[in-house]
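> Model the structure of this input:
(2 chains)
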Amino acid sequence: MRAINVLIYFLICFATWLLLTHNLGWQNLVAGSVISLLTTLVFSRYFNFDVTKMINPVRWFWMIIYIIYFIWQCVKANFDVAYRVLHPAMPIKPGIVRVNLTLQGSLARTILANSITMTPGTIAVDIIDDILYVHWIYVRYLDHDRYAYRISGKFERILKKIFE
Amino acid sequence: MNELISNILIGIGLAFSFFGCLGLIRLPDIYNRLQSATKCVTLGACCILLSLVIRYGFNDIGIKALIAIPILFFTSTSGAHALLKGSHISGFKMWEKSVTDHYSDDTLGKEEETTEKT
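Residues are numbered from 1 along each chain as shown, chains lettered A, B, ... in the order given. Predicted coordinates:
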């Protein structure tokens, strides 16, 4: 499993290099492979994620659903911020709340926290053990189950289908 | 047609960046300011990059702009997390009308426990 991870990591680096330089000359290919190899040697130890899971096409289907849902939330977040900023009375009621995580795996948690940062009114502050701290610009309720569903419920459900 | 769509996207991107900067001035403390700074400015920059893709198509310029979008997403969100955590550790106060702060409830309590033990 470790060898597959390193290989996939190298291929991702090399593909990114080719797309960025947009040039298929042999010098460029050699330079790209050397740099991708160096990057892989240094950073592939942080890429500990079971790649063989991703062969299943159902996971790719949920990933597309996730990206569409994420873009929709992101656009909504921007209109939300614009409304709060342009409103003369500034309707904000900020606070930091804790959300219990049921999701396992560092990659899935990173993506969840990054998504929460881009969704309306919330921004991820820190993860300690199984608790995610979220800064919320308008704290509607202080009951954990209700706000946890509102902040991370749908994201967690889709991410579980992708990564577990 | 492509020119028109990309001009509209540039307009939208500039508008969102403007709202982000306005939020940076109007909102009260660093935590709320980061909300507007990460969300609006990231989507604004992404709209401008997307307009480049539409204007030039999938050649070297367009693909570079397309790759920059996910990189921008990941770096700005992780940067916001680092800034928030750093400012919380170095003791920036939240706005006085804030409702709750579970984070400092938990982390400060733990620090006191460890100092008591030592």
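
> Now do the contacts for residue 76.
Since no chain was named, I'll use chain A. A:119, A:120 (Cβ atoms under 8 Å, 6 or more residues apart in numbering or on different chains). Placement of C-beta: from N, CA and C, glycine included.

> was after chain B, sorry
B:38, B:41, B:42.

> So the residue lying closest to the last one once chain neighbours are set aside, which state does it fall into?
The shortest distance from residue B:42 to any non-neighbouring residue, by Cβ to Cβ, 6 or more residues apart in numbering or on different chains, is to residue B:76 (4.7 Å). Applying DSSP: H, G, I helix; E, B strand; the rest coil to residue B:76 yields a three-state assignment of helix.

> Tell me, what's the model's pLDDT at residue B:76?
In this model, residue B:76 is scored at 90, pLDDT.

> Give me the phi and psi angles of residue A:128.
Main-chain torsions, residue A:128, degrees, to the nearest 10: phi -120, psi 120.

> Against residue B:91, how distant is it?
For residue A:128, the distance to residue B:91 equals 18 Å [Cβ to Cβ, to the nearest Å].

> Settle it for me: which of the two has more neighbours?
Taking other Cβ atoms under 10 Å in any protein chain shown, residue A:128 and residue B:91 do not tie; residue A:128 has more neighbours (13 against 7).

> Quick check: that one touching residue B:106?
Yes - the pair residue A:128 / residue B:106 is scored as a contact, 7.1 Å apart, by Cβ atoms under 8 Å.

> Am I right that residue A:123 sits in a helix?
No - according to three-state DSSP, residue A:123 belongs to no helix; its state is strand.

> my guess is residue A:16 contacts residue B:67, does it?
Yes - assessed by Cβ under 8 Å, residue A:16 is found in contact with residue B:67 at 6.8 Å.

> Excluding chain neighbours, give the residue nearest to residue 19 in space.
Since no chain was named, I'll use chain A. Excluding its sequence neighbours, the residue lying closest to residue A:19 (Cβ to Cβ, 6+ apart) is residue B:63, at 5.3 Å.

> You answered for a different chain; I wanted chain B.
Excluding the flanking residues, the one nearest residue B:19 by Cβ to Cβ, 6+ apart is residue A:82, at 4.3 Å.

> Make sure I have this right: the one you found is in a helix.
Yes - counting by three-state DSSP, residue A:82 is located in a helix.

> Okay, now the unreliable bits of chain B?
Along chain B, the model assigns pLDDT under 70 to residues B:109-118.

> and the closest residue to residue A:17 other than its chain neighbours, what does it touch?
The shortest distance from residue A:17 to any non-neighbouring residue, by Cβ to Cβ, 6+ apart, is to residue A:32 (4.0 Å). Counting by Cβ under 8 Å, 6+ apart, residue A:32 makes contact with A:14, A:17, A:18, A:21.
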